[in-house]
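> Model the following, please.
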Amino acid sequence: MPGTRQQPIRRQKLSDQVVDRLIDMINGGELAVGAELPSERELMQLFAVGRPAVRDAMSALAQIGLIDLQPGERARVREPTAEHLVSQIERTGWQMLMMSPDGPRHLREARGALELAIIMTAIDHATEAEIAAIGTALQANRRALADGNQERFVKTDIAFHIAIAEATHSPIYVALTKAVLGWLMDYRYRIVATGIDQAAAFAEHEELHDRIRARDHAGAIEAIRRHLARISGPDDRHLLATLTALSQAPAAKGNVR
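Numbers count the residues shown, from 1 in each chain. Coordinates of the predicted model:
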């Protein structure tokens, strides 16, 4: 219609069209999880494309975790996982952290926001067994502190936070926790090369465990705020102000089950 702004026609590579068609077949149930895909030749005939388009499509589907490619075997449909999804951004995330002068601040902010969401969810959904598992991870962290073993302290620190993420019952939170903490610890080891204040970190872990066990949302928000205030720089004011406002909000004053 004259005068109507139209969306531009988008050109799409043949391999992208093959990817879209195969994803439609997977989502439509024609290709179930575990099923073998047609052979390369069969796919060429099915979609009327050449071998390069099929191979590029197979590579793209494997990269996003929708198929499993093994040498000498037919490709199989696989169930995508949160770990695979997050792994696709890990290398890019690390490069952003290394190359940007604001990388450490962005990482702290992302970690703070993520940790807040995870702990609030864990408080709501953790079973007594999962709270006990968080306590077990905390005790391993305590022993590493007592032994003065920094490498083991870092590993048990990560294990403690993963145990909290697992208590959310969300595989996405678990995968994100592993990725963000991995970036953070790698950055400290490779760039900062300074020791973590282990005693302060353990005290914060202990308080988080107590707040989760007590199902105390307001106390958990305040604990995270104090932790970030300790490790943050002058450019982290926005996140700290947000956490301060949350900790002072009327809805956060009581324990919520």
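> In a strand, residue 182, correct?
No: going by DSSP: H, G, I helix; E, B strand; the rest coil, the assignment for residue 182 is helix, not a strand.
> switch to numbering from 28
Happy to do that; since the first residue is 28 now, the last one works out to residue 209.
> Check the burial of it by counting its neighbours.
Look at residue 209: counted by other Cβ atoms under 10 Å, it has 14 neighbours. All C-beta atoms are positioned from the backbone trio N, CA, C, and that covers glycine.
> same check, this time on residue 253
Burial of residue 253 is recorded as 16 neighbouring residues (other Cβ under 10 Å).
> Now residue 246. Nearest residue, chain neighbours left out?
Excluding the flanking residues, the one nearest residue 246 by Cβ to Cβ, 6 or more residues apart in numbering is residue 238, at 4.3 Å.
> So in this protein, where's the weakest helix or strand by average pLDDT?
helix 264-275 (a mean of 59; mean pLDDT, DSSP states H and E).
> how about low-confidence regions in the stretch 28-177 of the chain?
Confidence mapping of the stretch 28-177 of the chain against pLDDT under 70 gives the ranges 28-38, 109, 111-128, 130-132.
> So which residues of it form helices?
Listed in chain order, the helices of the stretch 28-177 of the chain (DSSP state H, counting those that start in this stretch) span 41-54, 67-74, 78-90, 109-126, 130-152, 155-174, 177-193.
> for stretch 236-249, how far is the first residue from the last?
For stretch 236-249, the first and last residues are 13 Å from each other (Cα to Cα, to the nearest Å).
> And that stretch, what's buried?
Under the neighbour-count criterion of 16 or more other Cβ atoms under 10 Å, stretch 236-249 has 236, 238, 239, 242, 243, 244, 245, 246, 247, 248, 249 buried.
> returning to that earlier point: need the helices of the stretch 28-177 of the chain in CSV (columns: mean neighbour count and distance to residue 255).
Shown next, in CSV, are the helices of the stretch 28-177 of the chain (neighbours: other Cβ atoms under 10 Å; distance: least, Cβ to Cβ, whole Å):
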stretch, mean neighbour count, distance to residue 255
helix 41-54, 17, 40
helix 67-74, 14, 51
helix 78-90, 17, 35
helix 109-126, 14, 18
helix 130-152, 18, 5
helix 155-174, 16, 19
helix 177-193, 20, 14
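> Out of these, which gets nearest to residue 102?
helix 78-90 (5.8 Å; Cβ to Cβ).
> Now do that closest one against helix 41-54, angle only.
50 degrees (axes from the mean of the first three to the mean of the last three Cα atoms, to 10 degrees).
> Can you name every helix or strand that helix 78-90 contacts?
Applying 3 or more Cβ pairs under 8 Å, 6 or more residues apart in numbering; DSSP states H and E, one finds that helix 78-90 contacts helix 41-54, helix 67-74, strand 94-95.
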